[in-house]
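Asks: okay, predicted coordinates and the sequence, questions at the end:
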There are 2 protein chains.
Amino acid sequence: MVRMSAEERRESVIRAAISEFGRGGYHGTSTEAIARRVGVSQPYLFRLFPGKQAIFLAAATRCLSETRRMLEEAIDPDDPHMSMAAAYKELIKDRDMLFMQMQVYVAVAAMEEEFGTEIRKVWEDWWDSMHLLLGADVHETTFFMSYGMLINTLVSLGFPPDHRVWSNFAP
Amino acid sequence: MVRMSAEERRESVIRAAISEFGRGGYHGTSTEAIARRVGVSQPYLFRLFPGKQAIFLAAATRCLSETRRMLEEAIDPDDPHMSMAAAYKELIKDRDMLFMQMQVYVAVAAMEEEFGTEIRKVWEDWWDSMHLLLGADVHETTFFMSYGMLINTLVSLGFPPDHRVWSNFAP
DNA sequence: CCCGTTAGTGATTAGCCACTAACTTACTTT
DNA sequence: AAAGTAAGTTAGTGGCTAATCACTAACGGG
């Protein structure tokens, strides 16, 4: 048994939660499954977090801000178009994170009052950050985020990279 | 009590399922809830469909092909860009359908083997149809579908129409 | 080395949910 | 009107799950 500080454990829980919720969604994931992945008993999660919703919310915000951070690092403001491809390629690598992103969107749709306000804020910040990086051009920003969302969809649906629906992304 | 033919009932079930699954997702929706909305006892669903998965799959394919049909009707091949806005506006009206679309994507991600093959086929057909309508220009098609997926996201997240993340869509 | 604090567990429970079996009600056909 | 068939119900079961409670093991400071 490895003892950790509560803060470190919470960190592990968030990472595990991103993977588990990413696959099963909010309702399809049991706290048991998360606990198992962390390597800790299920009741202990409720000492680290007030409830399942809190775990999901922590994982959700982490997922979005982490994704944002990766994009910020990958984009070159001097040549946004060229660096965009590289940025997306980076994102696609982490399937768990990408699935979780989609789960966040549907979770907000389903549980507006629980998650809406907080998640919108994080997403908004992300949008603003991209907006600045891309030269504060609304068309450019919308274009960029659109592509991201389509990629999310294509990955979620499991289309192989050589499928024609991808044809615009690998020239 | 209103008696219907099994076929008519199945139709009602599919419509109810789109609404219910759209909100709760696969795991967050009980067959009880669907039955209640249809106005029928819960066990009877299992006479109309072999199981919950079958209901979801029927609702999922219906949702995608219905969405496709609406777009096909709304797009004017002579002026795709102008008609696109109108097409999307039409789609956004039916929140249940839009939410269901998102739920389909995450459901495929989570349950590849159950839904993957069938859903990919329907989506592929949709993509091909748009591709033709838009003059078989890969850039144009990708652009179009991208915008659609971003709109899905923004609606799911519940951003009000006057929010800046929408600024590119209401010129 | 002891004792307060912090990390962690085992057992349990109330509620929910997909699915089954056995039965009833209503329409149709002859 | 009887018999057959298709639409629908009531009652029930086994499995799972979020959350609680009472408890134990390990660390660290004086």
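Replies: Cool, the structure landed.

Asks: where do the helices sit along chain A?
Replies: Under the criterion DSSP state H, helices of chain A are mapped to A:6-28, A:31-38, A:42-48, A:52-74, A:80-93, A:95-110, A:112-133, A:138-157.

Asks: those: which one's closest to B:Ala110?
Replies: helix A:6-28 (5.3 Å; Cβ to Cβ). Glycine gets a C-beta too; all of them are placed from N, C-alpha and C.

Asks: would CSV of the helices of chain A with mean neighbour count be doable?
Replies: Compiled in CSV, the helices of chain A are given as follows (neighbours: other Cβ atoms under 10 Å in any protein chain shown):
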stretch, mean neighbour count
helix A:6-28, 20
helix A:31-38, 18
helix A:42-48, 15
helix A:52-74, 18
helix A:80-93, 15
helix A:95-110, 24
helix A:112-133, 17
helix A:138-157, 21
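
Asks: mean pLDDT lowest for which of those helices?
Replies: Among the helices of chain A, helix A:80-93 carries the lowest mean pLDDT, at a mean of 87.

Asks: picking that back up, can you redo the helices of chain A as a markdown table with distance to B:Asp76?
Replies: A markdown table is the format used below for the helices of chain A (distance: least, Cβ to Cβ, whole Å):
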| stretch | distance to B:Asp76 |
| --- | --- |
| helix A:6-28 | 38 |
| helix A:31-38 | 49 |
| helix A:42-48 | 54 |
| helix A:52-74 | 35 |
| helix A:80-93 | 30 |
| helix A:95-110 | 30 |
| helix A:112-133 | 31 |
| helix A:138-157 | 21 |
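
Asks: just put those helices in CSV and tack on distance to chain B.
Replies: Output for the helices of chain A, formatted as CSV (distance: least, Cβ to the nearest Cβ, whole Å):
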stretch, distance to chain B
helix A:6-28, 4
helix A:31-38, 12
helix A:42-48, 18
helix A:52-74, 10
helix A:80-93, 12
helix A:95-110, 4
helix A:112-133, 5
helix A:138-157, 4
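
Asks: so which of these is nearest B:Ser12?
Replies: Short answer: helix A:95-110, nearest of these by Cβ to Cβ, at 22.5 Å.

Asks: which helices and strands does that closest one pack with?
Replies: helix A:6-28, helix A:52-74, helix A:80-93, helix A:112-133, helix A:138-157, helix B:6-28, helix B:95-110, helix B:138-157 (3 or more Cβ pairs under 8 Å, 6 or more residues apart in numbering or on different chains; DSSP states H and E).

Asks: take those and lay them out in TSV including distance to DNA strand D.
Replies: Shown next, in TSV, are those (distance: least, Cβ to the nearest atom of the strand, whole Å):
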stretch	distance to DNA strand D
helix A:6-28	7
helix A:52-74	4
helix A:80-93	28
helix A:112-133	11
helix A:138-157	22
helix B:6-28	3
helix B:95-110	13
helix B:138-157	22
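
Asks: CSV for the ones you listed, including distance to B:Leu57?
Replies: CSV is the format used below for those (distance: least, Cβ to Cβ, whole Å):
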stretch, distance to B:Leu57
helix A:6-28, 16
helix A:52-74, 26
helix A:80-93, 27
helix A:112-133, 27
helix A:138-157, 14
helix B:6-28, 10
helix B:95-110, 9
helix B:138-157, 20
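
Asks: out of those, which is closest to A:Ser41?
Replies: Of the helices and strands packed on helix A:95-110, nearest to A:Ser41 by Cβ to Cβ is helix A:6-28, at 11.6 Å.

Asks: helices or strands up against the closest one?
Replies: helix A:31-38, helix A:42-48, helix A:52-74, helix A:95-110, helix B:6-28, helix B:95-110.

Asks: and that helix, anywhere near DNA strand C?
Replies: Yes. For helix A:6-28 and DNA strand C, the contact criterion (Cβ under 7 Å from any atom of the strand) is met by A:Ala6, A:Arg9.

Asks: let's see that helix as CSV, backbone CA atoms only.
Replies: The C-alpha coordinates for helix A:6-28 follow below in CSV (Å, rounded to 0.1, in the frame of the first residue of the first chain):
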residue,chain,number,x,y,z
ALA,A,6,-4.8,13.8,0.1
GLU,A,7,-3.8,16.4,-2.5
GLU,A,8,-1.7,13.9,-4.5
ARG,A,9,-4.6,11.3,-4.3
ARG,A,10,-7.1,13.8,-5.6
GLU,A,11,-4.7,14.4,-8.5
SER,A,12,-4.7,10.7,-9.3
VAL,A,13,-8.4,10.5,-9.0
ILE,A,14,-8.8,13.3,-11.5
ARG,A,15,-6.6,11.6,-14.0
ALA,A,16,-8.4,8.3,-13.5
ALA,A,17,-11.7,10.0,-13.8
ILE,A,18,-10.8,11.5,-17.1
SER,A,19,-10.1,8.1,-18.5
GLU,A,20,-13.1,6.4,-17.0
PHE,A,21,-15.7,9.1,-17.6
GLY,A,22,-14.3,9.6,-21.0
ARG,A,23,-15.3,6.0,-21.9
GLY,A,24,-18.5,5.6,-19.9
GLY,A,25,-19.8,9.1,-19.5
TYR,A,26,-21.2,10.4,-16.3
HIS,A,27,-23.9,7.8,-15.8
GLY,A,28,-22.0,4.9,-17.4
